[in-house]
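Asker: Got a predicted structure here, sequence first:
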Amino acid sequence: MEQALGPFYHWLMPPLIMAAALLINRMLPGSWLLAPRLHQVADALAAKVNRPQRAPSQQRLAGSIATALMVLPPVALLAAAMSLAAYPGALQCLLIALCLPGDQQRQQHRLLVAQLHGGLKQRARQTLAPFTVRQTDSLSEVGLCKASIESRLIQEAGTTFSWLLYYPLLGFEAALTVWLINQLARQWLPWRPQYRNFGHLCHTLASVLSIPVNALLAFTLSLYGNTLNCWKALTGPRTPVLESRHWLTTAMAYHLNVQLGGPLLIDNQRLERPRVGPAYTPTTATILQADRLIQFARWLWVALLVLSTSAVAMIQAGAW
C-alpha cells in the first residue's frame with residue numbers, strides 16, 4: 001500500500017482506514033461491538049468505588065481515579081500493540097470498526113416506525129430504550145420520534161464523527177482516548193443523582209472535546225434545509241459552549257423543519273431544555289429522513305477528508 005500511494009501514503013491512509021472501518025462496522029453483529037462491554041465494566045467499577053453518601057469532593061476524586069483507570073491502561077496497551085504489529089493500519093481499522101456504533105439503531109428505527117404505525121406504542125418504547133439515556137416508558141408518539149432522532153444524532157456525533165475528526169488530526173491513541181471519555185460520560189451521566197459528582201470530570205472533558213465535532217457537524221447539517229433560519233437560531237440566544245449538543249439539535253430541527261428539544265426525564269429527574277426549530281411536530285417519516293441525513297453526512301466527511309488530505313499531499317509533493 002505504501003508503494004502504491006507513494007508520497008500520498010501518510011496523508012491518505014487515515015481517511016482510507018476510516019472509510020474501511022465504516023464499511024466493516026456495518027457488517028459486524030451488535031454483540032461484537034466494544035461500547036456495550038465498556039459500559040458493563042464502567043458500571044461494575046462505579047458500583048465498587050462510587051459512594052454517593054460521601055462528600056462531593058471525595059466522589060469527584062473517586063470519579064477522576066476511575067476515569068484514569070478506564071482510559072489510560074487501554075490506550076497504553078493498544079499503543080504498545082500498535083508498535084509491535086506487522087500491519088498497524090489493519091489493526092487500527094479493525095479496532096475503529098469495533099468502536100463505531102454499528103447499524104443497529106437505524107435498523108431498529110425501521111421496526112419502531114412499523115410499531116407506531118401499528119399502534120404498538122409500548123413496544124416502540126421498549127425498542128427505543130436501549131439507545132437513549134432518557135426514560136421512554138411515558139413518551140408519546142411525538143416524544144418517541146424526537147428521542148429517536150436526537151439519540152442517534154448525539155451518539156453518532158460522539159462516536160463516528162469524533163473518530164472522523166480526531167483520528168486523521170491527532171492519531172489513533174488520541175482518538176481512542178476521546179472515544180473512551182465520551183463513552184464514560186454517557187454511562188456516568190451527572191444528571192443521574194448517583195453520578196452527579198462522580199461523573200463530573202469525564203462529563204466536563206467530553207463536553208470540551210465535543211465542541212469542535214459538534215460545531216463542524218452542526219455546520220454540515222445546517223447546509224441542507226432552512227439554512228438562513230438555522231444560522232439565525234444558532235447565532236441568536238447564546239448557549240453555553242459546553243452545551244454544544246444544542247447546536248446539533250438546532251441544525252437537525254431546521255433541516256427536518258420540525259421542533260426538537262424540550263424537557264426530558266432521566267431517572268425520574270426532569271431536565272429542562274429549550275425547544276428548537278419550527279413549530280411542527282416530528283413524525284415517523286422524520287425519523288427515517290434524519291437517519292438518511294446522518295448516513296449522508298458520514299460519507300460527506302470521509303470524502304472531504306480524502307480531498308483535503310490529497311490536496312495537502314500534492315502541495316507538499318510539489319514543494320519537495
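Answerer: Right, received. Where do you want to start?
Asker: immediately after the host helix or strand of L22, which helix or strand?
Answerer: Per DSSP states H and E, L22 falls inside helix 9-27. As assigned by DSSP H and E, the chain's next helix or strand after helix 9-27 is helix 34-49.
Asker: what's next to that following helix, contact-wise?
Answerer: 30, 62, 65-66, 69-70, 98-99, 101, 159, 180, 183-184, 186-188, 194-195, 198 (CB atoms under 8 Å, 6 or more residues apart in numbering). All C-beta spots, glycine's among them, are computed from the backbone N, C-alpha and C.
Asker: what comes up buried for the helix holding L22?
Answerer: 11-22, 25 (16 or more other CB atoms under 10 Å).
Asker: hmm, back to that, please indicate which of the contacts of helix 34-49 are buried?
Answerer: 62, 66, 70, 98-99, 101, 159, 180, 183-184, 186-188, 194-195, 198.
Asker: out of the residues you listed, which are inside helices?
Answerer: Of the buried ones among the contacts of helix 34-49, the ones assigned to helices by DSSP state H are A62, A66, M70, L98, C99, L180, Q183, L184, R186, Q187.
Asker: The helix holding L22 - contacts with which helices or strands?
Answerer: helix 2-5, helix 88-99, helix 160-170, helix 284-319 (3 or more CB pairs under 8 Å, 6 or more residues apart in numbering; DSSP states H and E).
Asker: Mind putting the buried residues of helix 9-27 into JSON lines with pLDDT and distance to L256?
Answerer: Below are the buried residues of helix 9-27 laid out as JSON lines (pLDDT from 0 to 100; distance: CB to CB, whole Å):
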{"residue": "W11", "pLDDT": "72", "distance to L256": "36"}
{"residue": "L12", "pLDDT": "80", "distance to L256": "34"}
{"residue": "M13", "pLDDT": "86", "distance to L256": "36"}
{"residue": "P14", "pLDDT": "89", "distance to L256": "31"}
{"residue": "P15", "pLDDT": "89", "distance to L256": "28"}
{"residue": "L16", "pLDDT": "91", "distance to L256": "32"}
{"residue": "I17", "pLDDT": "93", "distance to L256": "32"}
{"residue": "M18", "pLDDT": "95", "distance to L256": "27"}
{"residue": "A19", "pLDDT": "94", "distance to L256": "27"}
{"residue": "A20", "pLDDT": "95", "distance to L256": "31"}
{"residue": "A21", "pLDDT": "96", "distance to L256": "28"}
{"residue": "L22", "pLDDT": "95", "distance to L256": "23"}
{"residue": "N25", "pLDDT": "95", "distance to L256": "25"}
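Asker: Any chance of CSV for those residues, columns distance to Y166?
Answerer: Rendered in CSV, the data for the buried residues of helix 9-27 read as follows (distance: CB to CB, whole Å):
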residue, distance to Y166
W11, 16
L12, 17
M13, 15
P14, 10
P15, 13
L16, 16
I17, 13
M18, 11
A19, 16
A20, 17
A21, 13
L22, 15
N25, 17
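Asker: could you check the angle helix 160-170 makes with the helix holding L22?
Answerer: 160 degrees (axes from the mean of the first three to the mean of the last three CA atoms, to 10 degrees).
Asker: buried stuff in stretch 250-264?
Answerer: By neighbour count with 16+ other CB under 10 Å, stretch 250-264 contains the buried residues 250-256, 258-262, 264.
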